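[1] When you get a sec, could you give me coordinates for this:
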Amino acid sequence: MARIRVKNLLIRTYIGFNPDELVNKQDVVINLEIEAEIPHEALESDEPNGIYDYKTITKRVIAFVQEGRFKLLEVLTKNLLDMIMEDDRVIRAKVEVDKPHALRFAESVSFEMEASR
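    Residues are numbered from 1 along each chain as shown. Now for the predicted structure:
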């Protein structure tokens with residue numbers, strides 16, 4: 001089994017429900033941790049056949065977040081986790097979404113969820 005981590009993916013989106021948040025994009029920072037099996041053949045041949053492609057899921061995450069509108073960090077996080085878990089090769093996944101400067105005296109507020117088979 002392999003653990004893939006995508007760290008500090010910085011994306012701009014509409015996040016929040018305050019009037020200014022509904023019209024101005026803000027940064028979110030996304031961290032993904034995905035556990036998946038690596039086919040033995042891929043390890044022997046050094047070819048990507050049958051592997052879980054982290055580049056593909058990262059592109060999907062970026063497009064989904066950039067094109068979306070979210071009132072709650074919880075909903076954004078759950079949607080991303082569901083997207084990752086759609087692939088049967090994923091055994092476990094954890095998603096953390098940070099909203100920088102959401103609180104006056106805090107660097108960020110984050111929400112984290114995980115799922116497993």
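[2] residue contacts, residue 17?
    71, 72 (C-beta atoms under 8 Å, 6 or more residues apart in numbering). All C-beta atoms are positioned from the backbone trio N, CA, C, and that covers glycine.
[3] Doesn't it lie inside a helix?
    No: checked against DSSP: H, G, I helix; E, B strand; the rest coil, residue 17 lies outside a helix; its state is coil.
[4] Give me the phi and psi angles of it.
    phi -130, psi 0 (degrees, to the nearest 10).
[5] what's near enough to touch residue 12?
    Contacts for residue 12 (C-beta under 8 Å, 6+ apart) come out as 25, 26, 27, 28, 66.
[6] Please pull up the helix or strand immediately following the helix or strand where it lies.
    Take DSSP states H and E as the rule and residue 12 turns out to sit in strand 2-15. The first helix or strand that comes after strand 2-15 along the chain, using DSSP H and E, is helix 19-23.
[7] got a list of contacts for that following helix?
    Applying C-beta under 8 Å, 6+ apart, the contact partners of helix 19-23 are 14, 15, 16, 69.
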